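Asker: Give me a model of this one.
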Amino acid sequence: MDELLQPVSTLDEPVKETIMRDVRAVGAKLRAVLIPLDRSVSSAQLSIDIQSPFGYVGVLQEENVETNDEQRNVLNQLRDWDLWGPLFICLSLAIILSLRAPAKQTSHVFTTVFVVMWMGSLVVTINAQLLGANMSIFQSLCVLGYCVFPLTVAALLIALLRVTWFGKLWLDLIWLALGFVWATRVSSIFVGQFVKKERRLLALYPVFFFYLILGWLILLF
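Answerer: Numbering: from 1, shown residues only. Down below sits the predicted model:
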């Protein structure tokens, strides 16, 4: 019984197993972000969602943000923070936009994406903490970073389809809108868990603005 209560040590495990465990953890969080939070809802919850587009109104109006089993599973995975996934997503987005930028602007675009993502996440986190959110800086950076993944997928689609007939501005806007809604949906529910109702709008506004800037950079380059 005492052996079961002892902490598990990973110092003696092979390096390959350690790397694969981290890769699986990153993959689980990416799946958590990509899975729609309201995939299975009751008829009562469905009637609320119809009155609250994408669930944002509910997040702002409810005294305590209620989550179903699917949402709790997603949020629990995102609470177990790491920065490897956000770093990979940030580098991927920066590389995609750098390859699409003019040759003389490649380094500037890469740096801009990197600075905007990390500094923007930090500003959103500090703002939420000043409003009374009980969450760590690294936890918030992790969630905001993983939630950029839908926008990264949108940027990749736009880059791949630009050389085809589907490379139209109105289609680019559709991909970006989908990525923006998907990213802000997960992050707004997460932030709403930690901020009181009367301060929730002040906490969520920078979140929307942060993803809007990233979307504008994707559309610009």
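Asker: Assign residue 166 to helix, strand or coil.
Answerer: coil (DSSP: H, G, I helix; E, B strand; the rest coil).
Asker: Start at 46, not 1
Answerer: Got it, the first residue is 46 from now on, which makes the last one we talked about residue 211.
Asker: count of neighbours near it?
Answerer: Applying other C-beta atoms under 10 Å, we find 13 residues neighbouring residue 211. From N, CA and C alone the C-beta is placed, and that goes for glycine too.
Asker: List the backbone torsions phi and psi for it.
Answerer: When read as degrees, to the nearest 10, the backbone of residue 211 gives phi -80, psi 0.
Asker: looking at the protein, which helix or strand does the model trust least?
Answerer: Taking mean pLDDT, DSSP states H and E as the measure, the helix or strand of the chain with the lowest value is helix 88-96, at a mean of 36.
Asker: and the gap between the spatially most central residue of the chain and residue 227?
Answerer: Nearest to the geometric centre of the chain sits residue 192, at 0.9 Å (C-alpha atoms, centre = their mean). Distance of residue 192 to residue 227, given as C-beta to C-beta, to the nearest Å: 8 Å.
Asker: was I right about residue 244 contacting residue 177?
Answerer: Yes: taking C-beta atoms under 8 Å as the definition, residue 244 is a contact partner of residue 177 at 6.4 Å.
Asker: and residue 265, how far is that from residue 142?
Answerer: Counting by C-beta to C-beta, the gap from residue 265 to residue 142 is 9 Å.
Asker: who's more crowded, these two?
Answerer: residue 142 (24 against 11).
Asker: Helices of the chain, start to end?
Answerer: Along the chain, the stretches classed as helices by DSSP state H are 47-50, 60-79, 88-96, 101-106, 114-124, 129-145, 151-175, 182-191, 194-206, 214-237, 242-265.
Asker: Lowest average pLDDT across those?
Answerer: Among the helices of the chain, helix 88-96 carries the lowest mean pLDDT, at a mean of 36.
Asker: picking that back up, so what sits against both of residue 192 and residue 227?
Answerer: residue 78 (C-beta atoms under 8 Å, 6 or more residues apart in numbering).
Asker: circling back: and residue 244 and residue 177? which has more neighbours close in?
Answerer: residue 244 (14 against 11).
Asker: For residue 250, see how far away that one is.
Answerer: Residue 244 is 11 Å from residue 250, by C-beta to C-beta.
Asker: Got the confidence number for residue 238?
Answerer: Predicted confidence (pLDDT) for residue 238: 77.
Asker: Near it, how many residues? Count them for me, please.
Answerer: So residue 238, with other C-beta under 10 Å, has 17 neighbours.
Asker: phi, psi of it?
Answerer: Torsion angles, degrees, to the nearest 10, at residue 238: phi -70, psi -20.
Asker: Next one: it from residue 245, what distance?
Answerer: Taken as C-beta to C-beta, the span from residue 238 to residue 245 is 10 Å.
Asker: so what's the nearest residue to residue 151 once chain neighbours are set aside up against?
Answerer: Distances taken as C-beta to C-beta, 6 or more residues apart in numbering put residue 143 closest to residue 151, at 4.8 Å, once the chain neighbours are dropped. Taking C-beta under 8 Å, 6+ apart, we find residue 143 in contact with 151-152, 154-155, 158.
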